[in-house]
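S.K.: Sequence plus the predicted model coming up.
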Amino acid sequence: MKTKINYSKAHAKYLKNLKTEKIIIAFWQIVVIVGFLGLWQLLADTGAIDPFFFSSPSRIFQTIIELGQSGTLFLHIWTSLYETIIGFLLATVIGVFIAILLWWSERLRKVMEPYLIILNSLPKIALGPMIILWVGSGTSATIVMCVLICIVITIISMLNAFISCDKDKILLMKSMHASKWQILFKLILPNALPDFISVLKINVGMSWVGTIMGEYLSSKAGLGYLINYGSQVLQLDIVMASIVILCILAAGMYAIVLPFEKRAKRN
């Protein structure tokens, strides 16, 4: 049975204002997107913009329905979603593990740090032909591209979070004869939790970038393939429909990460 919490009048007013502010923000977010779509449709209907080049919300919606009825839409969605999730998970896990290794060994960190900066500045698309030769075309190449896009950012962000931990706290634990494993699990990792959540949020977007880039290079299915196909045959309705679906999927992945951020803030 839940116990009722009695708040002071000032705190109750603060909570009410906070809830009201959230409602107002959500309302205006809906107004912005509805207004944008309405203006877009109006400009297309009146001929102010050419629907052939800019499409319109109604044409995009109709294209999505047609792709769904043809049976190909869900294949493309599942292909991109699968590749993105696998790439996202691999890049996050491997990136955090490498960051821990670099934190563990200061000498290794000093040796590898310049190479990480160079790799981060390297356009990953330039590695596309080599990736295809290494792992073949299709899903494998797309996942590798996705991992390459995300992993260096993950390593650098988490490593900076690890080494920025309060040195006095580390000295205190060492004075209490804590082992390096204890320092890692009791201090370093908990201290880096907010940065880890930020990395997850960044990787959500970057993993989709990697997937679309990989599908552009070599793929016979996926939203990236669909965008590429639509641009080649000048069917921009397909391109815009794919982009809309991509935005919805990315927003869904981002929404999955948000509860972890809220829980981290409460802790």
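M.R.: All right, it came through fine.
S.K.: Following element in sequence after the helix or strand bottoming out on mean pLDDT in the chain, please.
M.R.: Using mean pLDDT, DSSP states H and E, the weakest-scoring helix or strand in the chain turns out to be helix 128-135, at a mean of 78. Along the chain past helix 128-135, the next helix or strand (assigned with DSSP states H and E) turns out to be helix 139-163.
S.K.: list the buried ones in that next one?
M.R.: By neighbour count on 16 or more other CB atoms under 10 Å, the buried set for helix 139-163 is 139-159, 161-162. In short, each C-beta sits where N, CA and C put it, glycine included.
S.K.: Please report the distance of Ser121 from Ser140.
M.R.: 25 Å (CB to CB, to the nearest Å).
S.K.: so the least confident helix or strand of the chain versus helix 139-163, what angle?
M.R.: Computed by axes from the mean of the first three to the mean of the last three CA atoms, to 10 degrees, the angle separating helix 128-135 from helix 139-163 equals 100 degrees.
S.K.: and Ala178, helix, strand or coil?
M.R.: When classified by DSSP: H, G, I helix; E, B strand; the rest coil, Ala178 comes out as coil.
S.K.: which stretches of the chain have low pLDDT?
M.R.: Residue ranges of the chain with pLDDT under 70: 1-8, 11, 261-267.
S.K.: can you point me to the longest helix in it?
M.R.: helix 9-46 (DSSP state H).
S.K.: That one packs against which elements?
M.R.: For helix 9-46, the contact count by 3 or more CB pairs under 8 Å, 6 or more residues apart in numbering; DSSP states H and E identifies helix 51-54, helix 57-70 as packing neighbours.
S.K.: buried ones in it?
M.R.: 40-41, 44.
S.K.: Make sure Val147 is actually in contact with Leu89.
M.R.: No: between Val147 and Leu89 there is no contact under CB atoms under 8 Å: 9.5 Å.
S.K.: what about dumping the CA coordinates of stretch 75-88 to PDB?
M.R.: Written as PDB, here are the backbone C-alpha positions of stretch 75-88 (Å, rounded to 0.1, in the frame of the first residue of the first chain):
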ATOM      1  CA  LEU A  75      11.400  -5.800 -44.800                       C
ATOM      2  CA  HIS A  76      13.200  -2.400 -45.200                       C
ATOM      3  CA  ILE A  77      12.200  -1.300 -41.700                       C
ATOM      4  CA  TRP A  78      13.300  -4.500 -40.100                       C
ATOM      5  CA  THR A  79      16.600  -4.700 -42.000                       C
ATOM      6  CA  SER A  80      17.600  -1.100 -41.000                       C
ATOM      7  CA  LEU A  81      16.400  -1.600 -37.400                       C
ATOM      8  CA  TYR A  82      18.200  -4.900 -36.900                       C
ATOM      9  CA  GLU A  83      21.500  -3.400 -38.300                       C
ATOM     10  CA  THR A  84      21.200  -0.300 -36.200                       C
ATOM     11  CA  ILE A  85      20.400  -2.100 -32.900                       C
ATOM     12  CA  ILE A  86      23.300  -4.600 -33.500                       C
ATOM     13  CA  GLY A  87      25.700  -1.800 -34.400                       C
ATOM     14  CA  PHE A  88      24.600   0.300 -31.500                       C
END
